[in-house]
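Colleague: I need the structure of the sequence given here:
(one chain, ligands or ions: 1)
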Amino acid sequence: MPLSSPWDGFLAKIAACASVADLDAIEHELFGRKAGALTTALKQLGGLAEAERKTRGQECNAARVVLTEAVALKREALKCKGMDSLAKDDTLDVTLDLPEKERGHAHLIHEYIRKAEEVFGRMGFDVAEGPELETEKFQFDLLNFPKHHAARDSQDIFYIHGTKDPEDRELLRGHTSTVQIRYMRQAGRKPPFRMICSGKVFRKDADATHSPMFHQIEGLMISKDVTLANMKAVMETAVKNLVDPNVDFRWRTGYFPFVEPGLEMDLRWRGDESKSREGRWLEVVGCGMVHPNVLKNVGIDPKKFQGFAFGFGVERMLMIRHQIPDIRLFFNGDLRFLKQF
Ligand code: DAH
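Modeller: Numbers count the residues shown, from 1 in each chain. Below you'll find the predicted structure:
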């Protein structure tokens, strides 16, 4: 049924709505509880003469039904239109070739330490840990350093000022040999054992082969019949697996208060000595048979048990493995360097 004026005008307005907001406004204009056109018309019916009230009443009712329906249909249509344009304009092409996301990875030192744990793990070594903040007792005393040994000099070691007990000053550990002591003193721990421990160490040193912070892998093997020959075999296996199966190495005697005898192993840079570094030797590990005093200090009877200890410089092994000329490259965060590994 065609609507009478003014309701047909509203039909046209509804049809012309371009958005849900427009439609809401018209709905309010028509049906608003206080001033809606239809609401007002219905209210006014009561004041009309009977004949007119009847016709007007019918018109109003018809208008209410038709306009309500028109609003609902228009609302639905506008929603669909929204979905249509979303589908048209906002498409995601899953076949598009996007630029590849750059992936990070662990720093090569940490990757390498994990590899070392695997290599030593195959030789029966457990992994231990120890603190970076240490005391003079663990750094020196229990490792058989004499009271006035030059290594205690604060020129090499980062001492922590304000330590309460002057007899046991705090410091940043200068080597991981501290963990030997902590490991052997652990309650309930009895030899035989094989352990390695890796971590940061700190010294006041800085040039192409020294850094104020670097990493060591410490190791310890104690049992009734471990010999120097066992030590050399373990060291050589480690170097061949972790540096290069064909690496050139040499043994030298070395002095460390906590071993007797003490040895050092050097690895050779590739090349033929024509340049400053090539063909020369780099010291990568100190080791030796654990000194009887050290065993006594941790409550192990040196007449019953013996063994060896070693400490690798992690960066130096990597330097020979990859022929990296300067230890500072590990730590200055240059992505051109780091991305190669
Ligand atoms: N702690 C020594 C250093 O930092 C390295 C070392 C030498 C460790 C001999 C050992 C060892 O366990 O037996 O220079």
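Colleague: All the helices of the protein, residue numbers only.
Modeller: Secondary structure of the chain (DSSP state H): helices at 7-16, 20-31, 37-44, 50-89, 108-122, 136-139, 177-185, 228-242, 292-297, 314-322, 335-338.
Colleague: Rebuild these as JSON lines, extending it with distance to the ligand and mean neighbour count.
Modeller: Any C-beta I mention is one placed from the backbone N, CA and C, and that applies to glycine too. Listed next are those as JSON lines, based on distance: least, CB to the nearest ligand atom, whole Å; neighbours: other CB atoms under 10 Å:
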{"stretch": "helix 7-16", "distance to the ligand": "86", "mean neighbour count": "15"}
{"stretch": "helix 20-31", "distance to the ligand": "75", "mean neighbour count": "16"}
{"stretch": "helix 37-44", "distance to the ligand": "92", "mean neighbour count": "15"}
{"stretch": "helix 50-89", "distance to the ligand": "66", "mean neighbour count": "13"}
{"stretch": "helix 108-122", "distance to the ligand": "14", "mean neighbour count": "16"}
{"stretch": "helix 136-139", "distance to the ligand": "10", "mean neighbour count": "20"}
{"stretch": "helix 177-185", "distance to the ligand": "4", "mean neighbour count": "22"}
{"stretch": "helix 228-242", "distance to the ligand": "9", "mean neighbour count": "17"}
{"stretch": "helix 292-297", "distance to the ligand": "10", "mean neighbour count": "17"}
{"stretch": "helix 314-322", "distance to the ligand": "11", "mean neighbour count": "22"}
{"stretch": "helix 335-338", "distance to the ligand": "25", "mean neighbour count": "11"}
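Colleague: got these as TSV, with mean pLDDT columns?
Modeller: Below are the helices of the chain laid out as TSV (pLDDT from 0 to 100):
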stretch	mean pLDDT
helix 7-16	89
helix 20-31	91
helix 37-44	89
helix 50-89	88
helix 108-122	97
helix 136-139	95
helix 177-185	97
helix 228-242	97
helix 292-297	98
helix 314-322	97
helix 335-338	94
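Colleague: With residue 112 as the reference, measure out to the residue nearest to the spatial centre of the chain.
Modeller: In the chain, the residue lying closest to the centroid (CA atoms, centre = their mean) is residue 106, at 7.2 Å. Using CB to CB, to the nearest Å, one gets 9 Å for the distance from residue 106 to residue 112.
Colleague: Check residue 141 too.
Modeller: 32 Å.
Colleague: that older thread, can the helices of the chain go into CSV with extra columns for distance to residue 204?
Modeller: Output for the helices of the chain, formatted as CSV (distance: least, CB to CB, whole Å):
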stretch, distance to residue 204
helix 7-16, 83
helix 20-31, 72
helix 37-44, 89
helix 50-89, 65
helix 108-122, 21
helix 136-139, 14
helix 177-185, 18
helix 228-242, 28
helix 292-297, 25
helix 314-322, 17
helix 335-338, 25
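Colleague: Nearest to residue 196, out of these?
Modeller: Evaluated over these, closeness to residue 196 peaks at helix 108-122, with 4.8 Å, by CB to CB.
Colleague: Which part of the stretch 101-250 of the chain gets nearest to the ligand, residue-wise?
Modeller: Among the residues of the stretch 101-250 of the chain, residue 175 lies closest to the ligand, at 3.3 Å counting by CB to the nearest ligand atom.
Colleague: wait, what's in contact with that residue?
Modeller: Neighbour list for residue 175: 139, 201, 216, 218, 311 [criterion: CB atoms under 8 Å, 6 or more residues apart in numbering].
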